[in-house]
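Asker: Got a predicted structure plus its sequence, pasted below:
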Amino acid sequence: MFKDDILQKEAGPLCAAEVGSELQKQFAILPGGRGTNGSPIIIFPEYPDFSDLQEEELQNVLSYLTSVPSAAASGEGFILVIDRRLDRWTAVRATLLRIAGSFPGILHLVLVLRPTTFFQRTISDLQLRFIRDDFKMKVPVVMLSSVTELHAYIDPGQLTTEVGGTQEYNHDSWISHRTAIEAFALMVKTTAQTLQAFGTELAETELPNDAEATTNLLQVHTSKKELMKEDLKVALSQGRRLLEFINEPLLADPEYSLTHDEMENLATVQRLIGQLDETETAFEDFWERHRTKLEQCLQLRHFEHHFREIRAQLDVMFERLSGFSEVSVSPAHAEHVLRELGNHEEKAFELLDVALSLASEGDRLIENSHYAEDSIRPKCSELRGVCEEISSTLRHKKGLLLRALELHHALEKASGWCEEGIFLLASQPVDRCQSQDGAEAALQELERYLDTAALHTLTDCSAICCQYEAVLNAQLKDQIDKVFQKQISVQEMFEKRRISLKKLAAKQTRPVQPVAPRPEVKSPLSSPSQERKERRYSADSALCKKGESPVLNGGTRHASLSEEEESLAVLRRHVMNELLETERAYVEELLCVLEGYAAEMDNPAMAHLIPSTLHSKKDILFGNMSEIYQFHKRTFLKELETYTDCPELVGRCFLERMKDLQIYEAYCQNKPRSESLWRQCSDCAFFQECQKKLEHKLGLDSYLLKPVQRITKYQLLLKELLKYSKGCDGSDDLQEALSSILGILKAVNDSMHLIAITGYEGNLSELGRLLMQGSFSVWTEHKKGHAKVKDLARFKPMQRHLFLHQKALLFCKKREENGEGYEKAPSYSFKHSLSMSAVGITENAKGDNKKFEIWCNSREEVFIVQAPTPEIKTAWVNEIRKVLTQQLKACRDARQQKSSDSVSPSTTSSSSICLSPFRSNAQKNQKKQEEKKAEPSPISDTNACSSPKHKGWSKASLSVDASEENDGYSSGEDPMNSDTEEDGVKKLAPGKYTVVADCEKAGPQELSVKSGDMVQLIREGEEGQWFVKNLRTHKEGWVAAANLLSLISESKSSQSLSSSDGSVSGNLSTSSSCSETYTSFSDIKP
C-alpha cells in the first residue's frame, strides 16, 4: 500500500545524534569533496590527542562517516587526507596503522601530509623505505611534503582551507544538517509504519452486525484517520523546512556551489518528501475505500433493521387479514366486517407504501454498487412479494365480503317482501271483504303487491347457490333455504286469499251478523288464565323451536303465523343480531387492547418509553382481561352464534355459562387499582405511542371500561328478548338468565363495597356470602343503659352502612368520598357486628313502615333500623327472615338426626314427617316427653343448633318478651314447642307463603317452586291438592297438600324471626299489624 523503500531503508548502525560527542572532537571530517574519480574525501585534521582516542570512538566516527555518502560513491572507495605536518613521525606511523586496522569502508587512496621539520622529515624518509611494503599490503599511502603536492592529487576546490583548498566548511553546521536530515528520515519511517499498521487494522476489521456499532466504528476510524493526517502534515512541514535550510546558502549567494554531500542531502530530503506525498495519496485512496465500505455497511444495517421491522408488521397485518371471515351471518355482520376490513385496508396501504419505499431504497443501494448486493436483492424481492400477497388478500377478502353483503341484501329484501306481504294479508279487514266491492278492492291490492315480487324475491335457489358459492357456509345456505321456503309459503297464502276473494267478488254475500261464542265447559283442574297461556304457548312453540319455519312440506303447510307473532319474531331477531354484533366487536376490542397495549409492555423496543411506576404492573393495569378475552373468544361467542335462528332460547347459553361470567367480579374489584395506576401514567410516551400505532381516538382508559360496560349490557339485551318472547319455549330460561345476570351485577356491586371495609380484624370470607348491603339510620337501645343516653340515642340516629352476610351482620360507618372515578368510591370503617345465630328481628317498629328492629340477648341490645324506603325495608326483613328460617331448618334437622339416633327404627320412620313446619298431636306429645326427660341437662338437646349460653326453654323469658313485643320470633325457638300453638293438626288456608325448600313438579299440571319463592294458595281441590300461584314466575299449578306442609312457612302467622342462642324470646302472633306487614311483602317483585 505504501512505499516499501521508506520502511526498508536503514539509517545505518549509527546516527549523528548517537555519535554527536565524538563528531564534535573533529578528529575526522567529511567536508563533501570528491576525488577525480568521484571518491568521497575524508580529512583527518591535526589532532594532537589522536593517540588517546578510544578504539570505540574511532570506530564509531569512521563507521558513521563512511555511511553518509551514497552507495555508488562509497563503492569507488574513500580518499583519506591525513594532515600530520606538525606531528612526529612515530605518531604518523601509529595513526596510519590504527586507520588501516579500523577503517570500515573501501580505501582508494591515502594521502599523508608528513611532518615539515627537517629532522622528522629525514626520519620519515628513512623509515618509510623500510615499512612501505607493510603499507602497500593494506592501503595505498602517498607521503606528501606540502599542500602543493596534495593539489596534484585533489582539486583544491574539493579541499577545505585547512589543507590549502577553497571549500568553506563549518563542522557544527554539518553536524546540525546531518542531525536534522536523519531525524526527518526517522519521522518519515515512523509515519510510514504507523500508516501501515493503521491500514492493516482497517483491512482486518470485521464489519459490525448492527447500525449503532457500525456508526461507532466509523466515528472511531475517522478520528484515527484525522490523527494520521495530522502526523503526515507535521512530517511534510518539517521536510519542507529542512529543504529550505539546505537551500539557504544558494538563496544567500546565487553563485554558491553545493558540495556533493550537500547535493546528496538535498536529493535525500526531496526524495523523502516525495515519498511522503505518495504515501498520503495512497492512504487517502485506501481510506476513501474503507470509509465507503463502512458507510455502505451502515446503510445495509439500517436497511436490514427496517426490513425486519416492516417484515414483522407485514406478517402481523397478513395474519389479521387472514383472520377476517369471508362469510357472514347477517348484513350487519357483513357491514361490520367490511368496516373493520376498510380500517385495516387503510393501515395496510400505509404499511405497503413504507415497504415498497424500502424496496426502492434497496434498489438504489444496488445501483450504487453496494458490496452486499447479494443480500439486498432477495430482501427487496421478498418485500414486493409479501406486499403483492397482502394486496391480493385484501382484494380477495373485500370481494368476497361484498358478494356476501350483496347476497344478504338480496335475502333481506326477499324476506322483507314476505313480511310486508304477511302484514298486508293480516291488515285486510274481514268485514270489508264481505261485500263484492270490498273483495274486488282487496283482490286488486293483492295483485298489485304480487306484481312487485319479481323485483324483490329470489327466483332460482340453485342459481343463487351457484352464483354465491364462494361465500356460502352452512348458515347462509340455511338462510337461503328458509327465505325460499318463506317465499313459497307467502305466495301460497296469497294464492289462497286470491281464491277466497275471487269467490267473494263473484257472488253477492250477506253481511255477517256477529254472534257471541257459546261458553265452553271448563275442566275443574284448569283456570281460564292457564288455558289462555296454553293456547298461546301452543301457537308460539311452532315459531320458537329451532329449525322450524312456516313453510310447505310435501304440499302441506305446517304452521300459520299471525301478524303479531311474526313481528315478535322479527324483533327477537333484531335483538339477537345486536347481541352477536356487539359481542364480536367486544372481542375485537379486547384483542386490540391485549395486543396493542399489554403485549407491547413486554416488547424490548418499547421498554425505554415505559415509566418506572408501570414496571411489573401489567396485571394491575389490565386485571384478568386476558382471561375474559379467552372465555368470550373461544367459548361464549361461538355458543351464542348457535342460537342465531332461535334467539328465544339463548337464555340457556347464559345459564350454562353463568359461573364463567363470574370472572367479571375479579375484574371489577381490581378496577380501582387499575384506574389509580392509569391516572399516574396516562400522559407517558408509551401509551401515546401505542394509541398512535392503533389509531385509536380514545385512550386506553376507555377500553379498560369495556368489560364493565359489557356485563351491564347483557341484562339490557336479555330484558328486550324477554319482552318479545312471552309465551315462547325459552321464556323461563330468559327470565332465569336475567335474574342471574342481575345477581352477578349485584354481587359485583356488593363486592366493590365489601373490599372498602377497614378496621375489621377477622376474615370477611368466613362470614359467608354477602347477601345485601345498604345505608340506614340506626338507633341503639340498651336495657341496662342510662335513661338519658337511651332517649338521646332515639332522637339522634347514627348513619350506618349494613352488610348482611350468611353468618353475621356488620355495622360500618361510611367515610367521605374523595378522588375521581373509581377512587371516588366510599370507604367503610367497621363499628360493630352481630352473629346471625344470636339475632332476632321485629318487622314493625314504632309505627313507622320504614323501621324494623334487630335485637339479641333477649333484647338487652336493640338496634332500630330505618330504611330509606318501605320497599328497601321489606326486602331486608325478607332476606333476614330467609337466613333465620334456614338456620331454623338446620336446627330442626340436627335435632331430628340426634333423636333418630336414640330411638327405634319404627320411631325414626314416624319422625320423618317433621320436615313440615306443623306437627301432629302425637309428635308434640312425644316432643314434650323428650323435653321432660331432658330437663336435668337442658343443653344436651340443643347442642346441634345452640351455643353453650343456652338456658333451656323457660316460660319466664317467653312471657317477658311477649309482653314487650307481641310480634317477635326467633329461629332459636321451635314453633312446634310453643305453648300458644294449638295441639291439633294445622290446616292450610288461602294466603301468601314463603317457600323454604325446592320442589320439582311431578306432572304437567303441577307447579315447580324453589326456596325463597313467594307463593299464593288460591283454592283447595280434590284429593288433597291445592291450586297455587308462584308470585315470582307468575306460573300457576297444583301442589299436593302433604308437600305444602314441608315446603312453606305461613307468612301470616310468623312475622319476626331470630336465631338467638338464648331462651325463647317471642311468640306467634296474628295481630293486624302482621297482616299489614305481609301485604307489603307480596308487593316485592322477584
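Answerer: Cool, the structure landed. Only a predicted model underlies this, so the values are computations on that prediction, with no experimental measurement involved.

Asker: Would you map out the domains in the protein?
Answerer: When the chain is parsed with the TED database, its domains come out as 19-169, 182-322, 566-752, 759-817+824-894, 1008-1041.

Asker: need those domains in JSON lines with mean neighbour count and mean pLDDT, can you?
Answerer: Just so you know, the C-beta spots here come from the backbone N, C-alpha and C atoms, and that holds for glycine as well. As requested, those are exported to JSON lines (neighbours: other Cβ atoms under 10 Å; pLDDT from 0 to 100):
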{"stretch": "domain 19-169", "mean neighbour count": "17", "mean pLDDT": "80"}
{"stretch": "domain 182-322", "mean neighbour count": "16", "mean pLDDT": "84"}
{"stretch": "domain 566-752", "mean neighbour count": "17", "mean pLDDT": "89"}
{"stretch": "domain 759-817+824-894", "mean neighbour count": "17", "mean pLDDT": "83"}
{"stretch": "domain 1008-1041", "mean neighbour count": "17", "mean pLDDT": "81"}
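
Asker: which one of those lies closest to Leu472?
Answerer: Of all the domains of the chain, domain 566-752 sits nearest to Leu472, with 15.8 Å by Cβ to Cβ.

Asker: okay, how far is it across the closest one, tip to tip?
Answerer: End-to-end distance for domain 566-752, by Cα to Cα, to the nearest Å: 43 Å.

Asker: Geometric centre of the chain: which residue is closest?
Answerer: Residue closest to the average C-alpha location in the chain (Cα atoms, centre = their mean): Ala598, at 1.1 Å.

Asker: That one and Met606, how far apart?
Answerer: 12 Å (Cβ to Cβ, to the nearest Å).

Asker: Mutual contacts of the two, please.
Answerer: With contacts defined as Cβ atoms under 8 Å, 6 or more residues apart in numbering, no residue is shared by Ala598 and Met606.

Asker: rewinding a little: reformat the domains of the chain as CSV; add distance to Arg364.
Answerer: Listed next are those as CSV, based on distance: least, Cβ to Cβ, whole Å:
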stretch, distance to Arg364
domain 19-169, 57
domain 182-322, 9
domain 566-752, 26
domain 759-817+824-894, 59
domain 1008-1041, 77
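
Asker: quick one, which of those domains is nearest to Asp437?
Answerer: domain 566-752 (29.0 Å).

Asker: gap between that closest one and the chain center?
Answerer: Centroid separation between domain 566-752 and its chain, computed with Cα atoms, centre = their mean, to the nearest Å, is 16 Å.

Asker: What of stretch 103-115?
Answerer: 98 Å.

Asker: repeat for stretch 856-874
Answerer: Distance, centroid of stretch 856-874 to centroid of chain: 50 Å (Cα atoms, centre = their mean).

Asker: end-to-end on it?
Answerer: End-to-end distance for stretch 856-874, by Cα to Cα: 20 Å.

Asker: what does stretch 32-41 give?
Answerer: Using Cα to Cα, the end-to-end distance of stretch 32-41 comes to 7 Å.

Asker: does His151 really touch Gly164, like I thought?
Answerer: Yes: counting by Cβ atoms under 8 Å, Gly164 is a contact partner of His151 at 6.5 Å.

Asker: between the domains of the chain, which gets nearest to Ser328?
Answerer: That would be domain 566-752 among the domains of the chain, by Cβ to Cβ, at 10.1 Å.

Asker: Can you tell me the SS state at Phe830?
Answerer: strand (DSSP: H, G, I helix; E, B strand; the rest coil).

Asker: Show the contacting residues for it.
Answerer: So Phe830 contacts 757-760, 810-812 (Cβ under 8 Å, 6+ apart).

Asker: how about a cut-off of 10 Å?
Answerer: 757-762, 764, 803, 810-813 (Cβ atoms under 10 Å, 6 or more residues apart in numbering).

Asker: Could you do Leu771 as well?
Answerer: Counted by Cβ under 10 Å, 6+ apart, Leu771 has contacts 746-747, 750, 803-806, 809, 876, 879-880, 882-883.

Asker: helices or strands next to the longest helix seen in the chain in the packing?
Answerer: Assignment by DSSP state H gives helix 260-323 as the longest helix of the chain. If you count contacts as 3 or more Cβ pairs under 10 Å, 6 or more residues apart in numbering; DSSP states H and E, helix 260-323 packs onto helix 4-8, helix 71-75, helix 171-204, helix 211-246, helix 248-252, helix 331-367, helix 373-427, helix 563-593.

Asker: Mind jotting down where the strands sit in the stretch 701-850 of the chain?
Answerer: Ranges of strands within the stretch 701-850 of the chain are 757-758, 770-782, 798-805, 808-814, 828-835, 839-842, based on DSSP state E, counting those that start in this stretch.

Asker: Looking at those, spot the one closest to Glu648.
Answerer: strand 770-782 (31.8 Å).

Asker: Direction included, what does that closest one pair against?
Answerer: Strand 770-782 has the following strand partners under DSSP bridges: strand 798-805 (antiparallel), strand 861-866 (antiparallel).

Asker: Any idea how far the first one is from the middle of the chain?
Answerer: Using Cα atoms, centre = their mean, the distance from the centre of strand 798-805 to the centre of the chain it belongs to is 40 Å.

Asker: ok and that strand relative to strand 808-814, angle-wise?
Answerer: Angle, strand 798-805 to strand 808-814, by axes from the mean of the first three to the mean of the last three Cα atoms, to 10 degrees: 140 degrees.

Asker: got the CA positions of strand 798-805 in CSV?
Answerer: Only the C-alpha atoms of strand 798-805 are listed here, as CSV (Å, rounded to 0.1, in the frame of the first residue of the first chain):
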residue,chain,number,x,y,z
MET,A,798,-76.3,7.1,63.6
GLN,A,799,-75.7,6.8,59.9
ARG,A,800,-74.5,3.3,59.3
HIS,A,801,-73.9,1.1,56.3
LEU,A,802,-75.0,-2.5,56.9
PHE,A,803,-73.5,-5.6,55.4
LEU,A,804,-75.7,-8.7,55.7
HIS,A,805,-73.8,-12.0,55.5
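
Asker: Would you list the phi and psi of the closest residue to Phe636 other than its chain neighbours?
Answerer: Spatial nearest neighbour of Phe636, excluding adjacent residues (Cβ to Cβ, 6 or more residues apart in numbering): Arg657 at 5.9 Å. In terms of degrees, to the nearest 10, the main-chain angles of Arg657 are phi -110, psi 20.
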